[in-house]
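Trainee: coords please:
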Amino acid sequence: MSSQPGSIATYFLSLVALAYIGPRALRWAIVHFRWDRVSSPLSGWLRFSKAPWYYLLSGAEFAKDDQPDLISISAIVNVGGQPVLYSGVLEDYFFDEDGQLNRLILSEVVRRPLDKDKAPAEPRASEDRFYPIDGDYFVLRYSEAVTLNVEYIKLTDEATAVSLQPE
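Mentor: Reported below is the predicted structural model:
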């Protein structure tokens with residue numbers, strides 16, 4: 001058949017390897033060098049336009065120095081016809097096969113039935129209104145959420161915070 005079967009095999013294996021490694025390397029470069037951010041001149045070509053949840057839930061739009069340390073999620077979910085507020089720290093998120101947000105994985109979750117909300121003139125400690133949820137992770141299906149609040153949290157080092165205050 002051929003007098004150089006090794007060369008042909010090497011050619012096809014290199015094509016398969018390049019097809020596997022090439023897109024991953026390109027995606028890594030886009031994310032690492034932040035070419036897909038709104039502020040980048042290349043964002044029109046390189047932005048993952050069908051992934052708005054990625055930018056919202058990863059904090060990817062922030063400058064490298066301003067990246068949030070934590071992302072807090074609060075969601076209202078109807079449980080037995082009653083609205084319940086769940087709040088926790090975002091650990092991970094998953095999409096369905098259509099690229100839509102499917103579920104959120106939260107930790108340190110607390111809940112509060114909204115009917116137990118305080119009246120404007122009735123001061124109550126916030127600890128009395130929230131109930132901790134046992135477990136390491138809480139899975140929130142996005143399809144069950146009525147509303148979703150995303151809060152970006154930047155932690156400050158106490159030593160740095162003290163040194164930045166005027167004496």
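Trainee: From now on I want contacts and neighbour counts done on CA atoms only, so please keep to that.
Mentor: Fine.
Trainee: Can you classify residue 10 as helix, strand or coil?
Mentor: Three-state call for residue 10 (DSSP: H, G, I helix; E, B strand; the rest coil): helix.
Trainee: With the one 10 residues further on instead?
Mentor: For residue 20, the secondary-structure state derived from three-state DSSP is helix.
Trainee: Okay, domains of this structure per the record?
Mentor: 5-46, 68-155 (automatic domain parsing).
Trainee: Comparing the ones you listed, which comes out most buried?
Mentor: domain 68-155 (a mean of 15; mean count of other Cα atoms under 10 Å).
Trainee: Show the end-to-end separation of it, please.
Mentor: Criterion Cα to Cα, to the nearest Å; first-to-last residue distance in domain 68-155 is 8 Å.
Trainee: okay if I get the domains of the chain as CSV plus distance to residue 58 and mean pLDDT?
Mentor: Below are these laid out as CSV (distance: least, Cα to Cα, whole Å; pLDDT from 0 to 100):
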stretch, distance to residue 58, mean pLDDT
domain 5-46, 12, 87
domain 68-155, 8, 87
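Trainee: Columns distance to residue 55 on top of those, output as JSON lines?
Mentor: Output for the domains of the chain, formatted as JSON lines (distance: least, Cα to Cα, whole Å):
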{"stretch": "domain 5-46", "distance to residue 55": "9"}
{"stretch": "domain 68-155", "distance to residue 55": "12"}
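Trainee: Select, out of the ones you listed, the one closest to residue 60.
Mentor: Closest approach to residue 60 among those is made by domain 5-46 (7.7 Å; Cα to Cα).
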